[in-house]
Each structure stands twice: as structure tokens, then as C-alpha cells.
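>>> kindly generate the corresponding structure for this input.
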Amino acid sequence: MSNRTRNIAVVVLALALPAIGVAQGVCTSSGGHLVVADSVGPPVLDPHKDGSYASSALVLTLVYESLLQLGENNELVPGLASSWENPMPTEYVFTLREGVKFHNGREMTAADVKYSFERVLDPETGSPFRGLWTPIQEIVVESDYQVRFRLSQPYAPFLRYLASYYGSFIVPQEVVEAEGDLNRIAVGTGPFVLTEYVPGSHLEFVANEDYWRSGVPCVDGLTLRIIEDESARIAAIRAGSVDITYVTAATAPLIARDSDLFLLQGNNVVYGMTLAQLVPNTSKPPFDDPRVRMAISMAIDRQQIVDAVLFGAGEVSGPLPPGMTPWAIAPEYRVDREGARQLLAEAGYPDGFAATLKASPQYPLDVAGAQMIAEQLAEIGIDVSIEQVEWGIFLTQWSSGDYDMVALTSGPLAEPDGFTYDYFFSTSPRNRSQFRTGELDDILQAQRMELDHESRLELLTTAQEQILELNPVIYLYSADGFEVHGPRVDGYTPSRHTRYYFAETSLAD
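Have a look, this model is predicted:
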């Protein structure tokens, strides 16, 4: 969208938008330094070890790339692989682009693809994405520019996971071996080179002059400022010291009235493909009892939370965000606090119980939602204490099971398997609700192996119905996303798959 031809301040994004790395045109100008503000920096820089999708994806998708990408209609398009073949249900052959260079100047080859995926699969790496890639049986380097993946079974999510950032980024082996990991240095093939990271303050990038896509990035460099407070981010963008940031539904109406700013809203801006959730720790009492979890679900008025926290700019959701059509089902929730109290009594808690609910202040919507949940659960005798935890510590406690309940927003994810198998299969590293059930495991495994679209859709529908019945996670809503940019930004288009993508963003003269 050109700011020189703008007639309105708000653009509602209802259809699929260009995704990461897919050229939609040429730069309208070249040069300049783009300044972006976000509320939190990446807790982990290593692209194979980070599981905090939203908070690290902004950085990682500037530096690293995958074999495939997602196009403007959510279709698969070439990335580091120029083409691919599927000669049989369990084999995929990828032809790589020639001349793609890592930021250290070395050409990327098929050996790097093999190394990267074997690193993710190695238990010693500790990758939270390992479970996504376990169907890989063998990776064969057939030439410098051709690599073959042999799978142990048909695997429906395979190609879409290759177009994601869930452990699919290609990294140089020599850098990993020299550094021990990629937490102190970031070396990828992406459009920007990370030159400095001061945690809690900023990240500095310069344009990758050897980038394989001709003509981009449009700008010379980029600064990511970490500004936790939303009002401070808005003040910065109004003052012109920041060019692009995101806002929440609470402040979006104020931005919409500012004729000098451009507000982008919709379920395709990245937050529109995320899920706000209440996650009980099902490995410990009282949350190991499905009656207790159902009572909590029945006590929560989700629409009230959407109206109050999001000012109506979102949608009550089930296990998949509503924007993930055709996979998502519409849940039929009912608020029944009397019935909830009866369930608690049957479970042995007639007077309720006390529990701690953790949320991170880096995500104010999660905290606001937690506060409303605490008020609603008090109606059925559950005394909820809210503990606000710094994001990095929050992730550690969540992943280790050190919690009663947590409130968080997860995603965005490109594949329904990521919201289902990845979260709930018994041995998945990301099964952080500690939930275990053999029957759901069977369904989740079956949908992975089902290559027929309609049959897989039926299996995923059944899986969602079981998740809603058992409540290992209590789903709340999927919020609209809101991003805002200043008048000198040109050619910026949001992505539903990462927070921002800037290779084709120009700065007006």
C-alpha cells in the first residue's frame, strides 16, 4: 500500500496476504534505515532451539530461511529450494538454488540441509521442534544442489512444515561447531545480517548485500527497538523515531483517528493466527481430573473476555484459530457456573480450591485475560492468584511444568498439526500441559499419515472434538492483529506467519 495514494487510515485485511519472502513487486525506493519497535526481544537466538514462536520469529525470519515458503494464498512456493518432487508417498527430492550464500560468505549446499535437520533431530540439541521431524528416516545428499528426504511413513504436514520456522531453518555447520550453538551469533541466508544484540534494548541489522533475491532488501539497515510499554511505542511512532510497531485492540481506535499513521487490522495480521489459552497442568491435582478442567471451562465467559479485553476485535476459538480454514471447527461453549460447581463437588472440591495463574507482562492481553478469568473462576469457588513472570523465566517454567495454570497466546502456526499433535501427543516435546491419553494419540498420529484431504479433515475434526471434551487446554479466543506504520514507510505488507517481514519495505524520500 502506498502512503502517497492513501485515502483512509485503516485497512481491514480479510483475505490472505503475501507471506514471508514472496516478491510482490519492486522497491519503490532504495536505501535508508528502518526502525521497528516490539515489546520483547528473542529469548533464544538459536533457530533450532527456540520455541517462543512470536517473540523470536521477528528476528529469526530476517536472518534464516527454509526450503519452502508460503505464498499470498497460503500455497507452497519455492524458497531455498527452487523445485521439489514427490516420487513416492515417503520420498521428497529438493533441488536447491545455486549461488545462495550464508552471511559468512560460504555457499549453501545440500550438505547444509542434511546437517540442519539432523541437528534438530539429535536429542542432544534439545530442540522443541524435534517431534515435528521424527518421520524423517534418512537424508541423502545426491549432489551439491539436490537432497532427498526418505520418511518412515506418509507425513501430510511435511511440506508445510518445511515452509515454516519450526526447526526448518538452514544453518552452516562450521559456525555451530565453532560457537557451540547459535545463541551468540546468527548466520543464515536471509535478507538481513544481525550485527548486534543488546538484550532488553535493541538489535541491529544491515542488508545482506549477497542476498539471492535480486533487488531486495530495499533498505540499507534495520533497528529493532525493544519497548515493552505500548504507550511508549505509540509515542515513538508518533514522534517519528519508530517506523513500524504493533498495537493491541485497546489502543487501535486511537491510532485509527490519527491521519498521519496507517493502521493494519485483520485476522491475517500475525496475531489473527494465534490462540489465547488457559493451560492447566494436567500432571498434578486438581487439574489431572477432567471434571475440574470442564468446570473451569464452563465457568469462563469467553465472549465477555473478547468484548472487554479485545474490544470485540477477535473471535471465540477452539483448538485451531478460526482463520485456519477449512480445518478449524466452531466450538459450542456454554457458561454454566451452577453446573461447574456441581462438577467440582463430584471431583471432591465442594468448596473449590486455590491455584496460581502465571502470565507474562510482556503480553498485556494475556495478563488482562488472566485477571478476568480469575474473577470468573471466583464465582465457582476457585481462588486464583495471578503471578506475573518475565517472559524468559515464564518460558522456562512453562516448559518444565513449574506451574498450576498459565495464560498465554501461542502461534502463529502454518499447519493444523502444530496446534494438535505438537501440543498433545504424549511424547511431543511441546506437550507442555503434560497431557497423556492413548486414544487422542492414535487420532493425532493417524491424521499425520493421512494424505487424502477429506479423510485428514475428518480426523482433525475428531481430534478437536476430543480436545474440547477433555480440556487439556482451555481455549479462549483468536484476536485480530493490529500493526501500525508511519508516513515514510512504503510497500509494507503484513504476514500471518511472522510478526513482520521487511525485505520489500521501502522508505519514502
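
>>> use CA for all of it now, contacts and neighbours both
OK.

>>> ok, now which ones touch T223?
T223 makes contacts with H33, L34, V35, V36, H202, L203, E204, F205, as judged by C-alpha atoms under 8 Å, 6 or more residues apart in numbering.

>>> distance between whichever strand or helix holds it and the chain's centre?
In this structure, T223 sits in strand 221-226 according to DSSP states H and E. Relative to the centre of its chain, strand 221-226 is centred 20 Å away, using C-alpha atoms, centre = their mean, to the nearest Å.

>>> and E209, its phi and psi?
Phi and psi for E209, reported as degrees, to the nearest 10, are phi -70, psi -20.

>>> can you tell me how far the closest residue to A370 other than its chain neighbours sits from T195?
Spatial nearest neighbour of A370, chain neighbours left out: A407 (6.2 Å); criterion: C-alpha to C-alpha, 6 or more residues apart in numbering. The spacing between A407 and T195, counted by C-alpha to C-alpha, to the nearest Å, is 34 Å.

>>> which one's more surrounded, the two?
Ranked by neighbour count (other C-alpha atoms under 10 Å), A407 and T195 place A407 first, with 27 against 11.

>>> so which strand or helix has the more buried one?
Under the criterion of DSSP H and E, A407 resides in strand 405-410.

>>> next SSE after the longest helix seen in the chain?
The residue-count maximum for a helix in the chain (DSSP state H) belongs to helix 453-470. Next in sequence after helix 453-470, counting helices and strands by DSSP H and E, comes strand 474-479.

>>> what sits up against that next one?
By C-alpha under 8 Å, 6+ apart, strand 474-479 touches 267, 271-280, 293, 297, 302, 306, 310, 313-319, 321-322, 468.

>>> restricted to strands, list those.
Secondary structure from DSSP state E places L275, A276, Q277, L278, V279, P280, G314, E315, V316 of those in strands.

>>> so which of these comes closest to S29?
The nearest member of the ones in strands among the contacts of strand 474-479 to S29, counting by C-alpha to C-alpha, is G314 at 35.4 Å.

>>> verify the stated contact: that closest one with Q304.
No. Counting by C-alpha atoms under 8 Å, G314 does not reach Q304; the two are 11.4 Å apart.

>>> more neighbours, those two?
Remark: of G314 and Q304, G314 carries more neighbours, 23 against 14, as counted by other C-alpha under 10 Å.

>>> mind checking how far I329 is from E450?
Distance from I329 to E450, by C-alpha to C-alpha: 19 Å.

>>> go on, G318?
From G318 to E450 the distance is 22 Å (C-alpha to C-alpha).

>>> of those two, who's got more company?
G318 (26 against 18).

>>> residue contacts, the more buried one?
A328, I329, A330, P331, Q464, L468, Y475, L476, Y477.

>>> mind listing what the first one touches?
It stands for A328. G318, P319, L320, P321, P322, T461.

>>> isn't the third one up against L275?
Yes. When contacts are counted by C-alpha under 8 Å, L320 is listed as touching L275 (7.5 Å).
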